[in-house]
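**Student:** Test case, fold it:
(one chain, ligands or ions: 2)
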Amino acid sequence: MLIGALEAGGTKMVCSIGNLKGGILQRASFPTTDPETTIAQIAGFIGQFGVAALGIGSFGPLDLNPDSPTYGHITKTPKPGWSGYPLMPELQKRLGVPAGIDTDVNAAALAEFEMGAGRGKKSLLYVTVGTGIGGGLVAEGNLVHGLVHPEIGHMFLAPLESDPMPRGVCPFHRGCLEGLASGPSIEKRWGLSAKLMSEDHPAWELEAAYLAQMCANMILCVSPEVIVLGGGVMQQMHLFPRIREKTLELLGGYVASGYVTKEGIASYIVPPALGVNSGVTGALLLGARAYEAAKTEK
Ligand code: ADP
Ligand code: ZN
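**Tutor:** Ligands and ions are numbered 1, 2, ... in the order given. Coordinates of the predicted model:
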């Protein structure tokens, strides 16, 4: 049995074919242009394989309320043509199979929870640090949706005195996490590509300090059993020990867990165990869940 997976991004759409267990067999990628062209390419590729269901991890914001008439639509986005676009219903109609949808970060969080760094745990926080910053949270075994869906990337931080650009780049809040710590914010602050910065560049101490504030806040608010940090910026592996150390400093010994200690934290704030496959694996798992749900309904 085959499942189709779509990782819908603002610049590209990655389509994969896999199995119910999240194994990946085929892949194709199309640029995100206008919805008409893009959706035809996606449906054309996935349609060849006779999949039993489709899972979508998408850029947002999305309407994820199953009772809403616009469930599975992209809501407000600056991406031309995509505001209000019925992404899931349209693909479901063209492919004629059950479909499941969630945000790209929730999909990645689900994959890490079920098959990666969160195996055997009851909760997990996944945060991606790239062009934007997004977070997905699994609590008591379920993805947290709430009012809309969590927007962890926009939590407010305390800007540091040593920051040459304390007014960040987020058009909504300036100095939120995304405004201060996303890839574009690093590049604007220092006038240099983040990929080209050496490990001793002052950018990284600041970056680690901001990500540590996020980790400390999330530990205090939701107490996740593991924190997974992914995305382009986290390719800088030297950030991990710095973030761990600063998180411990911020928490000041207050949190009574063996994981929130010098010895424990290396297995608590970790890179994605599924590497770059977290997103696609999560989309496949969403498809598998939609398939199971449709079977139960019958
Ligand atoms: P996106 O968020 O667009 O899906 P990425 O997670 O790759 O994609 O994030 C892209 C951002 O991450 C860019 O701002 C880029 O500068 C930064 N980035 C990508 N790779 C690296 C790297 N190896 N080191 C530091 N920053 C990186
Ligand atoms: Zn913001």
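
**Student:** residues contacting residue 74?
**Tutor:** Contacts for residue 74 (C-beta atoms under 8 Å, 6 or more residues apart in numbering) come out as 58, 59, 60, 61, 62, 82, 83, 84, 85, 87. Just so you know, the C-beta spots here come from the backbone N, C-alpha and C atoms, and that holds for glycine as well.

**Student:** and the closest residue to it other than its chain neighbours, how far is that from ligand 2?
**Tutor:** Distances taken as C-beta to C-beta, 6 or more residues apart in numbering place residue 85 nearest to residue 74, at 4.8 Å, with adjacent residues excluded. Residue 85 sits 23 Å away from ligand 2, taking C-beta to the ion, to the nearest Å as the criterion.

**Student:** Residue 85 and residue 64, how far apart?
**Tutor:** 15 Å (C-beta to C-beta, to the nearest Å).

**Student:** higher neighbour count, the two?
**Tutor:** Between residue 85 and residue 64, counting by other C-beta atoms under 10 Å, residue 64 is the more crowded of the two (22 against 18).

**Student:** Now do that one, the pLDDT please.
**Tutor:** Here the pLDDT value assigned to residue 64 is 94.

**Student:** mind listing what it touches?
**Tutor:** Contacts of residue 64 (C-beta under 8 Å, 6+ apart): 71, 72, 101, 102, 103, 145, 148, 149.

**Student:** Tell me the secondary structure at the fourth one.
**Tutor:** Put plainly, it is residue 102. Using DSSP: H, G, I helix; E, B strand; the rest coil as the criterion, the local structure at residue 102 reads strand.

**Student:** Which one (most neighbours) among the contacts of residue 64?
**Tutor:** Neighbour tally across the contacts of residue 64 (other C-beta under 10 Å): the maximum, 29 neighbours, falls on residue 101.

**Student:** How about the contacts made by that residue?
**Tutor:** Residue 101 touches 55, 56, 57, 58, 62, 64, 72, 87, 88, 286, counting by C-beta under 8 Å, 6+ apart.
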